[in-house]
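Student: I would like to see how this sequence folds:
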Amino acid sequence: MRRLVTACAMLALAGSAAYAEDGPRFLNRTGQTIVKMYLAAAGTKNWGADQCKNDDEGMVDHNERMTLVGVKSGRYDIKLSEQGGRTCVAKNIELKEGAQFVVRDTDLTECSK
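Tutor: Here you go, the predicted model:
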């Protein structure tokens, strides 16, 4: 009986640890298809790798979700490039591992084509 309880406890801990390692999940509510997505610590321009390369289609359609890879909880500036060629920044967005965050058109600033 003790082994069964120990095994169940280990499985529960392993499951919660695996969930905690999930990256933040992006929900695209910009109204456009996103073809490139870069993150930098808020207030910096140290853009990381293109997160869209981690999507099986290489892009994130409107109302689609994508899990970010290698991103820890914190505040980030997010640079998005749309399929139509426009590039914008969403500033100071809070991301949490294992949680969903939303970017809307109203979050986008510094847009250029």
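
Student: From here on, just use CA atoms for contacts and neighbour counts.
Tutor: Fine.

Student: for this protein, which spans come out with low pLDDT?
Tutor: Across the chain, residues meeting the criterion (pLDDT under 70) sit at 1-21.

Student: That one: strands as residue ranges?
Tutor: For the chain, applying DSSP state E gives strands covering 25-29, 34-41, 65-67, 74-82, 87-95, 100-104, 108-112.

Student: mind giving me CSV with the ones you listed and columns for mean neighbour count and distance to residue 54?
Tutor: What follows is the strands of the chain, written out as CSV (neighbours: other CA atoms under 10 Å; distance: least, CA to CA, whole Å):
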stretch, mean neighbour count, distance to residue 54
strand 25-29, 19, 12
strand 34-41, 21, 10
strand 65-67, 19, 8
strand 74-82, 20, 15
strand 87-95, 19, 17
strand 100-104, 15, 16
strand 108-112, 13, 22
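
Student: Of all those, which one comes closest to residue 57?
Tutor: Among the strands of the chain, strand 34-41 comes nearest to residue 57, with 9.5 Å by CA to CA.

Student: got a list of what residue 91 touches?
Tutor: With contacts defined as CA atoms under 8 Å, 6 or more residues apart in numbering, residue 91 is in contact with 42-43, 76-78, 107-109.
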